[in-house]
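S.K.: what's the 3D shape of this:
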Amino acid sequence: MSVLAVLEQRGGKWNRVSFEALAAAGRISQALGVPVAAVVFGSAIETLAQEAAGYAVEKVVAADHPLLADYTADGYTAALEQIIQSAQPEAVVFPHTYQVRDYGPKLATRFGKAFVSDVVDVKAENSGLLLVRQLFQGKLSADVKAVGQPQFISVQAGAFRGGQPSAAGARSSRSLSRSSRSRFAASRRRHFAKRSARSI
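M.R.: Predicted coordinates for the structure are as follows:
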């Protein structure tokens, strides 16, 4: 069990909100007593994976595949679905970005879960989680009880302070296995085949 933090990059450069999501994942991990793992998507991302390993994470999963070089909702959903099925995390934490708003709810639906967005605080309650999110442009705050696993959470920009690299961070990373790469590529081929059939 772990808390999985999804780090977003584009063109080899981090979206700074990713490290706020990592900080939120750290808070959740403390509440649940489980380690934090991070995942990064893209192609030829070894350097980024090593950078992520410098933070306070137990391990980094590098979803490294040519089909992930450019963002697509279907590609990211298919890759992360396989990672979640393998890792069985208690929670998956995202930065609240346009990309995440595009594919996050779709991913959560595949696991029969709700996608809790714009979380500004996390509280421990009876070995579980209370997620605090703002409503009506911050006029009200609501406590959302997290039930079941995994939870899918995005954090509001500025709500958590992004950390700095730690000497105690992970020093290794791994990519998708060969079997996972094959399943991912097959799922992408099926998707494009369906789209082509609909357009004929």
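S.K.: hang on, residue 93 packs against residue 2?
M.R.: No - counting by C-beta atoms under 8 Å, residue 93 stays clear of residue 2, with 10.9 Å between them. Placement of C-beta: from N, CA and C, glycine included.
S.K.: and the two? Which one has more around it.
M.R.: residue 93 (29 against 22; other C-beta atoms under 10 Å).
S.K.: chain center to whatever helix or strand the more buried one lives in, what's the gap?
M.R.: Using DSSP states H and E, residue 93 maps to strand 91-95. Relative to the chain's own centre, strand 91-95 is displaced by 4 Å; criterion: C-alpha atoms, centre = their mean, to the nearest Å.
S.K.: right, and the helix or strand after that strand?
M.R.: Helices and strands here follow DSSP H and E; after strand 91-95, the next one along the chain is helix 98-110.
S.K.: okay, buried residues for the following helix or strand past that next one please.
M.R.: Sequence order places strand 115-125 as the next helix or strand after helix 98-110, per DSSP H and E. Under the neighbour-count criterion of 16 or more other C-beta atoms under 10 Å, strand 115-125 has 115-122 buried.
S.K.: what helices or strands is the host helix or strand of residue 134 leaning on?
M.R.: Element membership for residue 134, per DSSP H and E: strand 128-135. Here strand 128-135 touches helix 17-32, strand 115-125, strand 140-145, strand 151-155, going by 3 or more C-beta pairs under 8 Å, 6 or more residues apart in numbering; DSSP states H and E.
S.K.: got a list of contacts for the last one?
M.R.: Residues from elsewhere that reach strand 151-155 (C-beta atoms under 8 Å, 6 or more residues apart in numbering): 17, 20-21, 24, 28, 90-96, 100-101, 104, 107-108, 111, 113-120, 129, 131.
S.K.: could you flag which of the residues you listed are buried?
M.R.: Buried members of the contacts of strand 151-155, scored by 16+ other C-beta under 10 Å, are 17, 20-21, 24, 28, 90-96, 100, 104, 107-108, 113, 115-120, 129, 131.
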